[in-house]
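Student: My questions concern the predicted model and sequence given below.
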Number of protein chains: 2
Amino acid sequence: MPGRFERIRQEGDDRDRLTCRDCGYVAYENPKVVVGSVVAVEDPSGEDAVLLCRRAIEPRSGFWTLPAGYLEMHETVEEGARREAWEEACARIRTEGVLAVYSIARLGQVQVMFRARLEEPGYAAGPESLEVRAFPWASIPWDEIAFPTVRWALNAWREGAGHPGPAVLNPPEDQRGTRPLPGHILAGDAG
Amino acid sequence: MPGRFERIRQEGDDRDRLTCRDCGYVAYENPKVVVGSVVAVEDPSGEDAVLLCRRAIEPRSGFWTLPAGYLEMHETVEEGARREAWEEACARIRTEGVLAVYSIARLGQVQVMFRARLEEPGYAAGPESLEVRAFPWASIPWDEIAFPTVRWALNAWREGAGHPGPAVLNPPEDQRGTRPLPGHILAGDAG
C-alpha cells in the first residue's frame, strides 16, 4: 500500500481500522466472496467426471482446483461462477443450485459453490490454468488438491449425487475454516 | 472520503478503481456479505411464527426486517447470523441450514439467509430496532416490509416449511437483484 496505513480506532467505532496517516482514508476490511462450481462432465464410463484446473499462479501453483474466484461488484453469484468457469477452464457452464456455503474465517472469506454442468461441450486451460481435465471420481488426484474447500466441495458433490439436498456448510473437522493446509503457507496467512 | 479519490485504470487492470490522488491507495470495491435468518418461534396456534424487527435506523426506518447485517472479518456465516439476531432482536438462535443465497447486483451484495429457531426463549428490541415481534404467517405486515429480500426469504421459508430443500436463489421477478423498492430511494442507490 502506498499510503502510510496504521490501525487506528475511530471515535464511536468498536474496532481498529486500517487508516491512512496521509489522507485519512479508512480502508474497511470486509469478508470477500468466492464463487465457484463443481462441473459435472459426461464420461464414457457413464459416471460423471468433474472438471479440475491445475493452477498456473500462486498460491498453490501446480495444484488442482475447481474453477472459482472472487465475485466482482454488480455480478450475481451465478454470473460469477459462470465467468470463473469461462476464464479458468474455457467452459460454458449452467449452474444447478447451491452445493455449499463455506466460511474461511482465517482469511475472512465466504465461498459459494454451485453444482454445474457443461452447457456446451469443450474446455481448455485459461490464462490462470496450466491444464484442465475432467477426472472420473476414482482418478481425482487427492494428494495434489490446492485447497481444503476443493476437497470439501468434491465430497459434498459426490454425497449429493443424484439427490441434491440442502446446501452444506463447513465439515466437522474445520467448522470455522481456520486450519491451514498442512505443510504450506498460503498467501494471506500473515494477515 | 478524506483523500482525493478518482477512478483510475491501473496498468494491467481491466477496470477503473477508486484511487487516491494524494497517496496512491487503490480502494478495491468488493461485494459485501449480509447474513441473516428467518427465526421460527413457537406460537400458541401451533403454527410457527417468524421474528421480525422494526428498524430504528435508515434506510427504511420504521419498516420491518429480518435480523440480518454485514458479516464481519474472521466470522463464519452462521456466527454472523447468530450475532445479528442477538444484536437486533436480543435472541439466541440456532441456525438450521441455508434457506437462500440472494444476489443484489445493484448494490454489490450477497445475502446468505438461514432457517433458524430460538435456542432459548425470549427476544426484545436491540439498539437498531424499535420493536421486535413474532408474527404468525397471517399477520405479517407485508405492506411495511423494509426490503425485497425480506419478502423473498419469508416466502422461501414458508414454501420449504416442514421439508427444507436446496437453498433458493433470487426469485424470477428479480433474478439479478436490480429492481429498487417502488417509490423509495435506498442508501447506496447513487453508487
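Tutor: Sure, I can see it.

Student: The lowest-mean-pLDDT helix or strand in chain A pairs with which strands, parallel or anti?
Tutor: Lowest mean confidence among the helices and strands of chain A (mean pLDDT, DSSP states H and E): strand A:26-27, at a mean of 77. Partners of strand A:26-27 in the sheet, by DSSP bridges, are strand A:16-20 (antiparallel).

Student: List of residues touching the strand it pairs with?
Tutor: Applying CB atoms under 8 Å, 6 or more residues apart in numbering or on different chains, the contact partners of strand A:16-20 are A:3-10, A:25-29, B:3, B:20, B:23, B:25. No exception for glycine: its C-beta is placed from N, CA and C like everyone else's.

Student: Likewise for stretch A:70-84?
Tutor: Stretch A:70-84 is touched from outside by A:32-37, A:67-69, A:92-93, A:95, A:112, A:114, A:116, B:29-31, B:101, B:103, B:105-106, B:108, B:110, B:169-170, B:175-177, with contacts defined as CB under 8 Å, 6+ apart.

Student: I'd like to know which of those are buried.
Tutor: A:32-37, A:67-69, A:93, A:95, A:112, A:114, A:116, B:31, B:101, B:103, B:105-106, B:108, B:110, B:169-170, B:177 (16 or more other CB atoms under 10 Å in any protein chain shown).

Student: So the residue nearest to the spatial centre of chain A versus chain B, what's the distance?
Tutor: Nearest residue to the geometric centre of chain A (CA atoms, centre = their mean): A:Ala68, 4.5 Å. Between A:Ala68 and chain B the computed distance is 14 Å (CB to the nearest CB, to the nearest Å).

Student: didn't that residue look like it was pressed against A:Ala116?
Tutor: No: using CB atoms under 8 Å, A:Ala68 is not in contact with A:Ala116; the gap is 11.0 Å.

Student: Mind listing the shared neighbours of those two?
Tutor: Common neighbours of A:Ala68 and A:Ala116 (CB under 8 Å, 6+ apart) are A:37, A:81.

Student: Could you pull up the residues touching A:Arg115?
Tutor: Each residue near A:Arg115 by CB under 8 Å, 6+ apart is listed here: A:37-38, A:40, A:95-99, A:157, A:160, A:164.

Student: can you pull up the bridge partners for it?
Tutor: With DSSP bridges as the rule, A:Arg115 is bridged to A:Val38.

Student: And the helix or strand where A:Gly80 lies, what's buried?
Tutor: If you go by DSSP states H and E, A:Gly80 is part of helix A:77-89. The neighbour-count check on helix A:77-89 (16+ other CB under 10 Å) flags A:77-85, A:87-89 as buried.

Student: from the residues you listed, which single one is nearest chain B?
Tutor: A:Val77 (5.1 Å; CB to the nearest CB).

Student: pLDDT score for the closest one?
Tutor: pLDDT for A:Val77: 98.

Student: Quick one: residues in contact with stretch A:89-97.
Tutor: With CB under 8 Å, 6+ apart, stretch A:89-97 has contacts from A:37, A:39, A:51, A:53, A:67, A:78, A:81-82, A:85-86, A:114-120, A:122-126, A:129, A:132, A:164, B:166-167, B:169.

Student: Helices of chain A, residue ranges please.
Tutor: Counting by DSSP state H, chain A has helices at residues A:77-89, A:148-159.

Student: Figure out which of these is closest to B:Ser61.
Tutor: Ranking the helices of chain A by proximity to B:Ser61 (CB to CB) places helix A:77-89 first, at 29.1 Å.

Student: From the chain's centroid, how far away is the longest strand belonging to chain A?
Tutor: In chain A, with assignment by DSSP state E, the single longest strand is strand A:93-104. Remark: strand A:93-104 is offset 10 Å from the chain centroid, using CA atoms, centre = their mean, to the nearest Å.

Student: Restricting to C-alpha, output it in CSV.
Tutor: Presented in CSV, the C-alpha positions along strand A:93-104 are these (Å, rounded to 0.1, in the frame of the first residue of the first chain):
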residue,chain,number,x,y,z
ILE,A,93,-21.5,-23.9,-17.7
ARG,A,94,-25.0,-24.0,-16.4
THR,A,95,-25.4,-23.8,-12.6
GLU,A,96,-27.8,-26.2,-11.0
GLY,A,97,-28.2,-25.0,-7.5
VAL,A,98,-26.1,-24.2,-4.4
LEU,A,99,-23.9,-27.1,-3.4
ALA,A,100,-22.2,-25.4,-0.4
VAL,A,101,-21.5,-22.2,1.5
TYR,A,102,-18.1,-22.4,3.2
SER,A,103,-16.7,-19.9,5.7
ILE,A,104,-12.9,-19.5,5.8
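
Student: Could you pull up the mean pLDDT of it?
Tutor: Rounded mean pLDDT across strand A:93-104 is 97.

Student: Report the inter-axis angle for that strand versus strand B:93-104.
Tutor: Relative orientation of strand A:93-104 versus strand B:93-104 (axes from the mean of the first three to the mean of the last three CA atoms, to 10 degrees): 140 degrees.
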